[in-house]
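K.L.:
Sequence below, structure please.
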Amino acid sequence: MIKYIYLAGPDVFRPTAKALGAAKKKLCHELGYSGLFPLDNELSLEHLTPFNAGLKIYHANIALMNQADCIIANMTPFRGAGMDQGTAFEMGYMAAQQKPVWGYTLSNKSYSERINQPLPGEDKNGQMVEQFDMSDNLMMVGSTTPKGGLIQLLGDDLNDESHLNAFRHALERISVS
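P.N.:
Residues are numbered from 1 along each chain as shown. So this is what the prediction gives:
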């Protein structure tokens, strides 16, 4: 039975990170779940080098994921054609533990459509661009299929309401699965 949900994504980098995390946790609570948001970790990073501060955040997030029964990941493209790299790791970590992986994206384009391809199927360096009609790399989308799912809704990446709408859809799907 799912009780704790790890809320993954580049949301932590948004200017509205705390408010968006709180809103997602509230939606979880309304459906009987407890949301675990990375910024819930109250960490003292004073007197640490940037590298050691990063490691402390990593270990705190691992502890939250170990507590969680599943993950909902914001897979919306971030800083490029694909999803956030940290979120990709978190999805893989949860999949390796056989925990359900749910994701959402606000892009209605496939991964290959978002890559600049001077020649069909090749990037500017002549490297193959995968053509699997998936919203992101096949390993990321594939991780959502065994026990979870992927919600693909067109929305404005800069609008918190768009994220909350897609997140709500994922929560509702978890409730009926």
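K.L.:
any idea where the strands of this structure begin and end?
P.N.:
Ranges of strands in the chain, per DSSP state E, are 4-8, 34-36, 70-74, 101-105, 149-152.
K.L.:
May I see those organised as a markdown table, with mean neighbour count, mean pLDDT and distance to V176 added?
P.N.:
Every C-beta, even on glycine, is put in place using the N, C-alpha and C of the backbone. Below are the strands of the chain laid out as a markdown table (neighbours: other Cβ atoms under 10 Å; pLDDT from 0 to 100; distance: least, Cβ to Cβ, whole Å):
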| stretch | mean neighbour count | mean pLDDT | distance to V176 |
| --- | --- | --- | --- |
| strand 4-8 | 25 | 99 | 15 |
| strand 34-36 | 20 | 99 | 18 |
| strand 70-74 | 26 | 98 | 14 |
| strand 101-105 | 27 | 98 | 12 |
| strand 149-152 | 20 | 95 | 11 |
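K.L.:
closest to A60 out of those?
P.N.:
Closest of the strands of the chain to A60 is strand 34-36, at 10.8 Å (criterion: Cβ to Cβ).
K.L.:
Who does the closest one pair with, and is each partner parallel or antiparallel?
P.N.:
With DSSP bridges as the test, strand 34-36 is paired with strand 4-8 (parallel).
K.L.:
Can I get the partner strand in PDB, CA atoms only?
P.N.:
Listed in PDB are the C-alpha atoms of strand 4-8, where the atom choice follows Å, rounded to 0.1, in the frame of the first residue of the first chain:
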ATOM      1  CA  TYR A   4       4.700   8.000   1.300                       C
ATOM      2  CA  ILE A   5       5.400   9.600  -2.100                       C
ATOM      3  CA  TYR A   6       8.800  11.100  -3.000                       C
ATOM      4  CA  LEU A   7       8.200  14.300  -5.000                       C
ATOM      5  CA  ALA A   8      11.000  14.500  -7.500                       C
END
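K.L.:
Outside of that strand itself, list whatever touches it.
P.N.:
Contact with strand 4-8 is made by 21, 24-25, 28, 33-38, 64-65, 67-74, 86-87, 90-91, 94, 171, 174, as judged by Cβ atoms under 8 Å, 6 or more residues apart in numbering.
K.L.:
rerun that using 6 Å as the cut-off
P.N.:
24, 28, 33-37, 64-65, 67-73, 87, 90 (Cβ atoms under 6 Å, 6 or more residues apart in numbering).
K.L.:
Ok, stretch 42-56 next?
P.N.:
Contact with stretch 42-56 is made by A60, as judged by Cβ under 6 Å, 6+ apart.
K.L.:
Check which residues of it are buried.
P.N.:
Residues of stretch 42-56 include none that count as buried (16 or more other Cβ atoms under 10 Å).
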